[in-house]
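> would you be able to build a 3D model of this:
(one chain, ligands or ions: 2)
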Amino acid sequence: MAATSSWRPAFSPNKDLSLSSPSWRLSLPSRVLLPGRQKPKTFIVLASMMDAKPTVLVAEKLGDAGLELLKSFANVDCSYNLSPEELCTKISLCDALIVRSGTKVTREVFESSAGRLKVVGRAGVGIDNVDLSAATEHGCLVVNAPTANTIAAAEHAIALLAAMARNIAQADASVKAGKWQRNKYVGVSLVGKTLAVMGFGKVGSEVARRAKGLGMHVIAHDPYAPADRARAVGVELVSFADALSAADFISLHMPLTPATSKMFNDDAFSKMKKGVRIVNVARGGVIDEEALLRALDSGIVDQAALDVFTEEPPPKDSVLVQHEKATVTPHLGASTTEAQEGVAVEIAEAVVGALKGELAATAVNAPMVPAEVLSELSPFVALAEKLSRLAVQLVAGGSGVKSVKVTYASARSPDDLDTRVLRAMITKGLIEPISNVFVNLVNADFTAKQRGLRLTEERVVLDGSPENPLESIQVQIANVESKFGSAICDSGEITVEGRVKDGKPHLTKVGSFSVDVSLEGSLILCRQVDQPGMIGKVGSILGDENVNVNFMSVGRIAPRKHAVMTIGVDEEPSKDTLKKIGEIPAIEEFVFLKL
Ligand SMILES: NC(=O)c1ccc[n+]([C@@H]2O[C@H](COP(=O)([O-])OP(=O)(O)OC[C@H]3O[C@@H](n4cnc5c(N)ncnc54)[C@H](O)[C@@H]3O)[C@@H](O)[C@H]2O)c1
Ligand SMILES: O=C(O)[C@H](O)COP(=O)(O)O
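Ligands and ions are numbered 1, 2, ... in the order given. Below is the predicted model of the structure:
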């Protein structure tokens, strides 16, 4: 396997976008990645690395079409049956990991990756084998392939239902053992029986459709399923208790979560019709297996057909697996040729897209923001990060940033403005300059919470045309001292405000002073006594040091009173140059800020 630690995602043709910032690790379309802090020279270095490919570790068998797709973009290492230790060792050389349900992607895996792992692709639906909290904390995107195996799983549930009702597995074993026991294997009919589908999502609704075709009466329990979806399939949604008491057959199709873990326990079995038959193609953990054994032995449950188990593979001497009333398969629900090809392509596309920095449509641990919304917000994404990056640099040493208010002014109704990406970028701008933590769309909220940073958002609805998503963004940091006193507004917070002009982020307010400077390069803010010749004096000190000024603006309270001069510079002035500016008698305070 080639180790390609130098790899970066594909270079965007949009020159406003930089790969220098770890922002590329966001699951955003590359066109909305943020302007970086990098000088052109470094761009060239990165561009020369573009030939190097990322490395994808495929830890479980994946369909050929998916593998081909991955190979066209990445170095692909197919290493199956890795021990947890081997996985942890390999992962530090990988940018993406693809697994099915057989690999536990634990916190140790994320820790061992030391920040290199950007994407975990789950080639299937259930993500209960991936530690999502750890992924989020490490800024690692998790994507799944939620649709390609739905039909396979539904067909397997129906196959188990029919096989169980007619004792197919037991009868088959009996005939192969040389017996001919026609009386022993008399089955029950499906037609006219009540089937309770527990979990009316993708698989559950396909099972319901098929069971209706077999002449069954189908009810469903799912606290989150929309009634119209049930109506469309001709299924009645009922309570958990009603489903248990009415069903002749029960088929499980909910995810394994803390809420669904062991929801089929002694109490639930005691409420079921005597002689009920249960199919589980969801997850073993939704059933308390000890309780199921008791229910099978007592006759409450007449038969169980199980594709999934709490522990996979189950212990060889598992009493449940060996039970004569149990029909078992080794987690085969998704295992059809068609489903595996579909899942492989679905996950390969999602992983390659995420590695390229594109929006992941099947992201499990990042906000899903439609591509067109992201595209429209793109310049405001840059503005949001720059404003907060600037605001946090105005905080005097020793003041902890704990409370930040962001105000969005827009002519759009609040419902029509998705600020999740902006909030993530504000968090990024606040945290990155004062820590070594990389913040991205995946871990922004978590990182803010972990650092005790409370970010509140307010909307100001303006009159006028709602053509632009936003007019301005204001960032305020409360309860802190500032190293540039003029940045504190009348209500006591460090305040910076900006807007997008000609597609570029501009700073338009510092404290109570109106300014107008493009947020490019770096900034010098000076408070001075308003008097003629100030621009010239500062300009010539910078010019003498070959520092290029790209923008200058003066905001004042009244003529000849205090004014704030904002100067955008392309290069970082030396300490001496800044000292000379500070020594101009009319300058009362000044600060240099890196964007
Ligand atoms: N055996 C297999 O090979 C196989 C294949 C595919 C899917 N699955 C499993 O099947 C399950 C369903 O997959 P899906 O694609 O239909 O997912 P889905 O997300 O489309 O549907 C899950 C449904 O469960 C519902 N649900 C959540 N909590 C519930 C609760 N407490 N009670 C009842 N319903 C609840 C949700 O509202 C949702 O409608 C998952 O666990 C998945 O991993 C297994
Ligand atoms: O959740 C799923 O998609 C199924 O359980 C399939 O799991 P598998 O990919 O391990 O077959």
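> drop to CA atoms for contacts and neighbour counts, all remaining ones
Fine.
> for this protein, which residues are neighbours of ligand 1?
125-126, 146, 149-150, 153, 198-204, 221-225, 253-256, 260, 281-283, 307, 331-334 (C-alpha under 6 Å from any ligand atom).
> contacting ligand 2 as well, which ones from those residues?
Within those, those near ligand 2 by C-alpha under 6 Å from any ligand atom are 125-126, 334.
> so what's Phe341 closest to, chain neighbours aside?
That one is not Phe; residue 341 is Glu. Leaving aside its sequence neighbours, Glu341 sits nearest to Gly63 (C-alpha to C-alpha, 6 or more residues apart in numbering; 4.9 Å).
> er, Asp570 actually
Nearest residue to Asp570, sequence neighbours excluded (C-alpha to C-alpha, 6+ apart): Gly521, at 4.8 Å.
> list phi and psi for the one you found.
phi 60, psi -130 (degrees, to the nearest 10).
> touching, the residue nearest to Glu341 and Gln340? I think so.
Yes: Gly63 lies in contact with Gln340 (C-alpha atoms under 8 Å); the separation is 5.7 Å.
> can you give me the helices for the stretch 201-350 of the chain?
Using DSSP state H, counting those that start in this stretch, the helices of the stretch 201-350 of the chain run over residues 202-213, 227-233, 240-246, 266-270, 289-298, 319-322, 337-355.
> which among these is found nearest to Phe446?
Phe446 lies closest, by C-alpha to C-alpha, to one member of those: helix 337-355, at 20.2 Å.
> so how far is the closest one from its chain's centroid?
Distance, stretch centre to chain centre, for helix 337-355: 18 Å (C-alpha atoms, centre = their mean, to the nearest Å).
> comparing Gly63 and Gln340, which residue is more hemmed in?
Neighbours were counted for Gly63 and for Gln340 using other C-alpha atoms under 10 Å; Gln340 has more, 23 against 19.
> hang on, that one packs against Ala334?
Yes: taking contacts as C-alpha under 8 Å, Gln340 lies within contact range of Ala334: 7.0 Å.
> which neighbours do the two have in common?
Common contact partners of Gln340 and Ala334 (C-alpha atoms under 8 Å, 6 or more residues apart in numbering): Asn149.
> contacts only, for the nearest residue to Ala448 once chain neighbours are set aside.
In space, and not counting its chain neighbours, Ala448 is closest to Thr427: 6.6 Å by C-alpha to C-alpha, 6+ apart. Thr427 is in contact with 385, 388, 439, 444-445, 448, counting by C-alpha under 8 Å, 6+ apart.
> the residues you listed in helices, which ones?
Of the positions in the contacts of Thr427, 385, 388, 444-445, 448 sit in helices, assigned by DSSP state H.
> out of those, who's nearest Phe240?
Nearest member of the ones in helices among the contacts of Thr427 to Phe240, counting by C-alpha to C-alpha, is Asp445, at 34.3 Å.
> wait, the closest one sits on Ile426?
No: Asp445 lies out of contact with Ile426 (C-alpha under 8 Å); the separation is 10.5 Å.
> the more surrounded of the two?
Comparing Asp445 with Ile426 by other C-alpha under 10 Å, the one with more neighbours is Ile426, at 26 against 21.
> Ala384 is in contact with that one, correct?
Yes: here Ile426 reaches Ala384: they are 5.4 Å apart, a contact under C-alpha under 8 Å.
> circling back to that earlier point, and for the residue nearest to Asp570, the neighbour number?
Residues near Gly521, counting by other C-alpha under 10 Å: 20.
> please report how far the residue in the stretch 401-550 of the chain positioned nearest to ligand 1 lies from Val233.
Relative to ligand 1, the nearest point of the stretch 401-550 of the chain is Val442 (20.6 Å; C-alpha to the nearest ligand atom). Counting by C-alpha to C-alpha, to the nearest Å, the separation of Val442 from Val233 is 36 Å.
> out of the two, which sits in the more crowded spot?
Remark: of Val442 and Val233, Val442 carries more neighbours, 25 against 14, as counted by other C-alpha under 10 Å.
> quick one: average confidence on stretch 195-213?
Averaging pLDDT along stretch 195-213 yields 97.
> also stretch 529-543?
On average, stretch 529-543 scores 85.
> so where do the strands sit in the stretch 451-595 of the chain?
454-461, 472-478, 494-501, 504-510, 513-518, 522-529, 549-556, 562-569, 587-594 (DSSP state E, counting those that start in this stretch).
> redo those as a markdown table? Include distance to ligand 2 and mean neighbour count.
What follows is the strands of the stretch 451-595 of the chain, written out as a markdown table (distance: least, C-alpha to the nearest ligand atom, whole Å; neighbours: other C-alpha atoms under 10 Å):
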| stretch | distance to ligand 2 | mean neighbour count |
| --- | --- | --- |
| strand 454-461 | 36 | 15 |
| strand 472-478 | 42 | 24 |
| strand 494-501 | 44 | 24 |
| strand 504-510 | 44 | 22 |
| strand 513-518 | 49 | 22 |
| strand 522-529 | 49 | 22 |
| strand 549-556 | 54 | 18 |
| strand 562-569 | 53 | 24 |
| strand 587-594 | 47 | 18 |
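> which stretch in those has the least confidence?
Among these, strand 549-556 carries the lowest mean pLDDT (a mean of 81).
> which other helices and strands contact that strand?
Applying 3 or more C-alpha pairs under 8 Å, 6 or more residues apart in numbering; DSSP states H and E, we find strand 549-556 packed against strand 513-518, strand 562-569.
> about what we covered before: and the strands of the stretch 451-595 of the chain: which comes nearest Leu320?
Using C-alpha to C-alpha, the nearest of the strands of the stretch 451-595 of the chain to Leu320 is strand 454-461, at 50.1 Å.
> how far out from the middle of the chain is the closest one?
Centre to centre, stretch against its chain (C-alpha atoms, centre = their mean), the figure for strand 454-461 is 23 Å.
> sheet partners, orientation included, of it?
Strand 454-461 pairs in its sheet with strand 403-410 (parallel), by DSSP bridges.
> contacting residues around the partner strand?
Residues beyond strand 403-410 that count as contacts (C-alpha under 8 Å, 6+ apart) turn out to be 453-462, 466, 468-479.
> for Gly511, what are its contacts?
486-490, 493-496 are the contacts of Gly511 under C-alpha under 8 Å, 6+ apart.
> same question, Val175
Gln181.
> returning to that earlier point: just flag the most distant two among the contacts of Gly511.
Asp490 and Val496 (12.7 Å).
> now the host helix or strand of Ala65 against helix 337-355, angle please.
Here Ala65 sits within helix 64-71, counting by DSSP states H and E. Calculated by axes from the mean of the first three to the mean of the last three C-alpha atoms, to 10 degrees, helix 64-71 forms an angle of 10 degrees with helix 337-355.
> do you know how far whichever residue of the stretch 301-450 of the chain sits closest to ligand 1 is from Val364?
With C-alpha to the nearest ligand atom as the measure, Gly333 is the residue of the stretch 301-450 of the chain nearest to ligand 1, at 3.2 Å. From Gly333 across to Val364, the span is 21 Å (C-alpha to C-alpha).
> same check on Leu383?
27 Å.
> ok, back up a step: would the residue of the stretch 401-550 of the chain closest to ligand 1 count as being in a helix?
No: secondary structure of Val442 (DSSP: H, G, I helix; E, B strand; the rest coil): coil, not part of a helix.
> sorry, back to before: more neighbours: which of Leu383 and Val364?
Per other C-alpha under 10 Å, whichever of Leu383 and Val364 has more neighbours is Leu383, with 28 against 18.
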